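[1] Can you look at this prediction? I've put the sequence above it.
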Amino acid sequence: MPTGYTAPIQDGISFKEFVMSCARAFGALILMRDGPSDAPIPVFKPDSHHKNELERAGKKLGRLNKMTVGKAFKMAKRKARINFLDEKEYYRERIKESKDLRKKYQDMLAQVRTWQPPTKNHCGLKRFMIQQIKSSINFDCIDDYYEGKDLLNSEPLPPGSFLAAMLQKLSEDIRYHSKEWRKEVKRSKERNEWVGALLKSLGFSRKSYAESLKKRSAILKRRHAKTVKKTKSPKKKFGLPKKKAVKKPSKKIKSRKRGRPKTSPD
């Protein structure tokens, strides 16, 4: 049975094309595996997420370093207050959601416990339902955790502590995104090198391989069109026989001369 990779062999795919088709199942080209087989291989560029985050953190840190001590403390005090209120609201919302869900679970658990299985063979079903609800309560209903967080979060952080935490977070972000950006650049380079080495070993350049894909795609399209044309059933072969047109006899109207009818001789 042919696979998605071997099916084109019966259509006359070349060895080089087969190699490049199978290469899409490997790391460097894995993201192209489920795409069109005639999609050209791009030059891979690093994802800019970590670069953008690195630049953003650097700008924030730069702005902080340029601030006077008084201005920095004033900003920290304002942001600490906003952060405090946001966290309080978040904890209270989670507490309410958790308590509402706990009540729903407990109501259902009460109904399951009062349910009498129709036979002894159904007792396992009842035990299973109880176990499922208890497990979900333990996992989902953590209102006590959020209540503890809410109690601990009783007042905003002092400006100095908040500012120190901000500086530490920005420094950590810069280290993390710098490291990840270097990894991303390296990955892109390695992918391009892997593809380049494979193309070169087959005598392809990126341009010549793209042209080869176009030619191959055009050939397959023509073959497909011919196959479709052949499978269409002509009417004279497979359709119903045409009815022969029956010629109606033409009616000739004989003109009669007006006058007295001839009488037969005596």
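    Thanks, I have it.
[2] what about this protein, any weak spots by pLDDT?
    Under the criterion pLDDT under 70, the flagged ranges of the chain are 151, 220, 223-224, 226-227, 229-230, 232-266.
[3] repeat that for 80
    Scanning the chain with the threshold set as pLDDT under 80 gives 11, 36-38, 149-153, 216-266.
[4] would you list every one of the helices in it?
    15-22, 49-66, 69-114, 123-140, 143-152, 159-201, 206-231, 235-238 (DSSP state H).
[5] Throw those into a markdown table and include distance to Ile30 and mean neighbour count, thanks.
    All C-beta spots, glycine's among them, are computed from the backbone N, C-alpha and C. Below are those laid out as a markdown table (distance: least, Cβ to Cβ, whole Å; neighbours: other Cβ atoms under 10 Å):
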| stretch | distance to Ile30 | mean neighbour count |
| --- | --- | --- |
| helix 15-22 | 12 | 16 |
| helix 49-66 | 19 | 14 |
| helix 69-114 | 39 | 14 |
| helix 123-140 | 34 | 13 |
| helix 143-152 | 40 | 14 |
| helix 159-201 | 10 | 15 |
| helix 206-231 | 18 | 12 |
| helix 235-238 | 46 | 8 |
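[6] I'd like to know which of the ones you listed is closest to Ala39.
    Comparing the helices of the chain against Ala39 with Cβ to Cβ, the closest turns out to be helix 206-231 (7.9 Å).
[7] quick check: angle from that closest one to helix 159-201?
    Here the directions of helix 206-231 and helix 159-201 differ by 70 degrees (axes from the mean of the first three to the mean of the last three Cα atoms, to 10 degrees).
[8] so what secondary structure elements neighbour helix 206-231?
    On a contact count with 3 or more Cβ pairs under 8 Å, 6 or more residues apart in numbering; DSSP states H and E, helix 206-231 meets helix 15-22, helix 159-201.
[9] my guess is Pro159 contacts Gly70, does it?
    No: Pro159 is beyond contact range of Gly70, at 10.4 Å (criterion: Cβ atoms under 8 Å).
[10] quick one on the thing from earlier: can you redo the helices of the chain as a markdown table with distance to Gly35?
    Putting those into a markdown table (distance: least, Cβ to Cβ, whole Å) gives the following:
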| stretch | distance to Gly35 |
| --- | --- |
| helix 15-22 | 12 |
| helix 49-66 | 22 |
| helix 69-114 | 41 |
| helix 123-140 | 39 |
| helix 143-152 | 45 |
| helix 159-201 | 15 |
| helix 206-231 | 12 |
| helix 235-238 | 38 |
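[11] what sits against the nearest residue to Glu53 once chain neighbours are set aside?
    Leaving aside its chain neighbours, Glu53 sits nearest to His177 (4.6 Å; criterion: Cβ to Cβ, 6 or more residues apart in numbering). With contacts defined as Cβ atoms under 8 Å, 6 or more residues apart in numbering, His177 is in contact with 50-51, 53-54, 57.
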